[in-house]
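Undergrad: sequence? don't have it. structure:
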């Protein structure tokens, strides 16, 4: 049996269980980035939103509350661990949101939308 993790929905929790992460203790032991990479390597297609959600679960906060600097570190680490495609896609979407679409990327709802669009 697995425990409910903050920020983690049923689909993501199923992915985590299949990669051996069943509890907050397990997640803390492997870390957000490693858990995210395990899910990707298992053949699932998580967005960077899962990475933020995992970090939020570890920090016991909602993922938009994760400091910008830490989110940037996670993107860079995900890029190093799994290629630059996802990081470049998200960066491009953020740039377009600011300059072409004039969206407020400081708004957590806009960030959630951008992450969702990035897949």
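TA: Great, that's in hand. Being a predicted model, the structure only gives us computed values, none of them experimental.
Undergrad: now for the one helix or strand in the chain whose mean pLDDT sits lowest, which elements pack on it?
TA: Here the helix or strand of the chain ranked lowest by mean pLDDT, DSSP states H and E is helix 85-99, holding a mean of 76. Here helix 85-99 touches helix 48-59, helix 68-82, helix 108-118, going by 3 or more C-beta pairs under 8 Å, 6 or more residues apart in numbering; DSSP states H and E. For glycine as for every other residue, the C-beta is placed from the backbone atoms N, C-alpha and C.
Undergrad: contact partners of that helix?
TA: Around helix 85-99, the neighbours that count as contacts under C-beta atoms under 8 Å, 6 or more residues apart in numbering are 47-48, 75-76, 78-79, 103, 105, 110, 114-115, 117-118.
Undergrad: in this protein, which ranges drop under the pLDDT threshold?
TA: 1-2, 82-88, 119 (pLDDT under 70).
Undergrad: Thanks a lot, catch you later.
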